[in-house]
Structures are given as C-alpha cells and as structure tokens.
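Turn this into a structure:
(one chain, ligands or ions: 2)
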Amino acid sequence: MHPRVAGPEALAEAAAVLRDGGIVAVPTETVYGLAARADSDAGVAAIFRAKGRPSFNPLIVHVADRAAGEPLAHFDDRARELAAAFWPGALTLVVPRRANAGLAPAISAGLPTVALRCPAHPMMRALLAECGFPLAAPSANRSGAISPTSAAHVAASLGARIGLILDGGVCVAGLESTIVALRDDGSWSLLRPGPIVRAQIAAILGADREATPTGGIEAPGQLASHYAPSKPLRLDAISAESDEFLIGFGDLSGHTSLSQDGNLAEAAARLYRCLHEADAATSTRIAVARVPESGIGAAINDRLRRAAS
Ligand code: TXA
Ligand code: MG
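Ligands and ions are numbered 1, 2, ... in the order given. Here you go, the predicted model:
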C-alpha cells in the first residue's frame, strides 16, 4: 500500500482521521512528525506500533499555543518566559504534567512530566487549529532510523504503515527541536541540543542554573545509537576512501555537501537529506567532514555522533 501524499487541501481529511483516533504524518519546521490526538489511547498506540518505538520512550505533545498547553502541564514563570521567547518554534519544554491533563498515559511512558512544543510550520498550525485538540507526534521514521525532512522521506520509511502524509515541503530547520527540562529546584537541563541553541536558553534561564541531565531515564529517546543510516558512518573525514560516500562541509567538498559556504544553519537543514542520500547510494560506507561545534554545530554533531554509533 502507498500512502496518500496530499497538500493543504487535505487538512480537513487529516483532522477527520485524527479525530477518529487515526495517525497522519505531518510537516513541522524541524522534521516530519507522525501525529495522533494526544487524548487517544488507540491513536498513541498506533504511533508506537507504526514506528516500532519502544514503549519506554515518551512522545512530544504539540499544542496550538501556550494557552492550549496550560491545561496539560504546570507552567512556572520560567516556562512562560521560554514560551514567550521561542513559541511557536523549535523548543520543547519538559514540565510537570497535570493530574487531570487527559493525555493518553503512554505519552509520558511512566514519567511525571510531559514534553510540550508549539510548532511554527503554517500547515501544522492550521491543522492544530482545525483539530482543536493537542497532537502527540514523534519524528515520522522507523524507530532509530534517520529522521524525515520531506514527505518522500516519510513515505520511504513508513509508507506501508500509514495512510496519509500531509506534504508541507522541505523542513526549514531540519533538526529536531531543542528539549529543555525545567526542574522544581530552579535548575534546568538541555536534554537534546537543537535549533534553539544553549546560549539562547541560558540568556533567559541563567547559565548558572544549568544542571547536567540526570542520565538515560530522563530523556529515554536520547539513546547513543539513533538517527542511524543502515551503513557504517565515519566522522571527521578529510577525504573519501574508495568505498565511501563523502558528505562534505565548507572547503571539503564530497559527493554532496552539508554547506559549500560552511554555513551551519544550511548544514543543519541539509543534514538528514544528505544522510538519506548517502544511505541510498551504492557506496558501502559513509564518511562526513568535520563540522564546527559552535552554535547549532553542537546539535549537528550530537546527531552525527548518534548516527555513527
Ligand atoms: O522537532 C521535534 O521535536 C519533532 C517534531 C515532530 O516535533 N519531534 C521529535 O520527536 O523529535 P521524537 O519522539 O523523535 O523525540 C522526542 C524526544 C525523545 O528523545 C523523548 O525521549 C523525549 O523527546 N521526551 C518526550 N517526553 C519526554 C519527557 N517527559 N521527559 C524527557 N524526555 C522526553
Ligand atoms: Mg525521533
């Protein structure tokens, strides 16, 4: 079976599928998501099944705005400030879940918290408005595989398992949202680096209040091996060996390049596209040029390290 890949005219159809507890692949500015209504046990179970996702890995809940998030979780002043600064956008907040949030329990995988994000992509925003309920959505790829930044990537990874893909074009940010956990003791942690960089968070929450994440349990999705192509991947390459597909950066050109100008935002936007291309190439291995660690480079290197392990 092939999924229907549809444009903005399919919003009402997508909303109807979601209302009935079904799943739909949706565009966001970071990566494509696989969505279900967040209050539907059946819908959320269908997400885990389609992705082959382990049940201990919780999901992000997408809301239309902060007002739609408030009934789900406790927002303190810090959460409100971050939402005011970065929503809609590529920031996910891990905050205490309200007892009467009405969310499917599987979303939080046993944690007392919930991860909330208000996405910026116009088609996703229109869908949230049309639905009127929050949407749980992990990235729309098989668990552990490369994240999708186009409708074609979704179809290639999950095609046989989903009926409808809303096509919102190529994702402009190209890397999953930054995840920040806010703790009761006033400290905060960066659980996943992303398009909103650490310095932007620290400017609001204070660099002195940053605590190291407490480990694997807190961000179960941050497994060492993730975002992984089907072939071995070598980092910090300075040239390609004969059986390698080289992904270049800046002056080091390869079979393709993250950014010939050495532009890190472009490299972030192109990272998964390049990994998908390398995975589909005939070469048996992949090599990637060194990417600087500054700014969003930290998030690019985080994904590359997981793709390599
Ligand atoms: O940009 C994004 O965030 C994309 C788009 C679709 O919104 N979504 C995404 O979802 O990347 P996913 O499932 O691939 O990654 C969600 C991450 C996982 O690492 C998961 O463990 C973590 O969020 N997470 C979810 N709920 C959590 C919670 N309550 N506490 C800590 N980590 C949580
Ligand atoms: Mg993912």
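
Let me see the ranges of the helices in the chain.
Secondary structure of the chain (DSSP state H): helices at 11-19, 41-51, 66-69, 77-86, 122-131, 151-158, 198-205, 264-280, 297-308.

would you turn these into TSV with mean pLDDT, distance to residue 178 and mean neighbour count?
Yep, even glycine has a C-beta here, placed from its N, CA and C like the rest. Shown next, in TSV, are the helices of the chain (pLDDT from 0 to 100; distance: least, CB to CB, whole Å; neighbours: other CB atoms under 10 Å):
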stretch	mean pLDDT	distance to residue 178	mean neighbour count
helix 11-19	98	26	18
helix 41-51	98	22	19
helix 66-69	98	16	18
helix 77-86	98	8	17
helix 122-131	98	17	19
helix 151-158	96	21	22
helix 198-205	98	7	15
helix 264-280	97	12	21
helix 297-308	96	7	20
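
Next, format these as a markdown table and append distance to residue 57.
Formatted as a markdown table, these follow (distance: least, CB to CB, whole Å):
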| stretch | distance to residue 57 |
| --- | --- |
| helix 11-19 | 21 |
| helix 41-51 | 8 |
| helix 66-69 | 21 |
| helix 77-86 | 23 |
| helix 122-131 | 22 |
| helix 151-158 | 16 |
| helix 198-205 | 23 |
| helix 264-280 | 19 |
| helix 297-308 | 14 |
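
Save those helices as TSV, and put in distance to ligand 1 too.
Compiled in TSV, these are given as follows (distance: least, CB to the nearest ligand atom, whole Å):
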stretch	distance to ligand 1
helix 11-19	14
helix 41-51	8
helix 66-69	13
helix 77-86	12
helix 122-131	8
helix 151-158	11
helix 198-205	15
helix 264-280	11
helix 297-308	11
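
Report pLDDT for residue 215.
Note for residue 215: predicted pLDDT of 58.

again, but for residue 38
Here the pLDDT value assigned to residue 38 is 98.

correct me, but it touches residue 134?
Yes - contact criterion CB atoms under 8 Å: residue 38 and residue 134 qualify, at 4.3 Å.

Now do the shared contacts for these two.
Contact criterion CB atoms under 8 Å, 6 or more residues apart in numbering; residues shared by residue 38 and residue 134: 61, 103.

hmm, back to that, for the helices of the chain, which one sits closest to residue 286?
Shortest distance between residue 286 and the helices of the chain, using CB to CB, is found for helix 264-280: 4.4 Å.

For residue 26, give its distance to ligand 1.
Residue 26 sits at a distance of 8 Å from ligand 1 (criterion: CB to the nearest ligand atom, to the nearest Å).

number of nearby residues for that residue?
Using other CB atoms under 10 Å, the number of residues around residue 26 comes to 27.

From residue 153, how far off is it?
Per CB to CB, to the nearest Å, residue 26 is found 13 Å from residue 153.

repeat for residue 62
Counting by CB to CB, the gap from residue 62 to residue 153 is 19 Å.

between residue 26 and residue 153, what contacts are shared?
By CB under 8 Å, 6+ apart, residue 26 and residue 153 have these common neighbours: residue 32.

Around ligand 1, pick out the residues from the chain.
Counting by CB under 6 Å from any ligand atom, the chain comes close to ligand 1 at 28, 30-31, 33, 57-60, 92, 94, 108, 111, 113-115, 117, 119, 137-139, 176-177, 179, 191-192, 218-222.

Whichever of those end up buried, select them in PyMOL.
This is how PyMOL selects the buried members of the residues of the chain next to ligand 1, with burial counted by 16 or more other CB atoms under 10 Å:
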select buried, resi 28+30+31+33+57+58+59+60+92+94+108+111+113+114+115+117+119+137+138+139+176+177+179+191+192+218+219+221+222
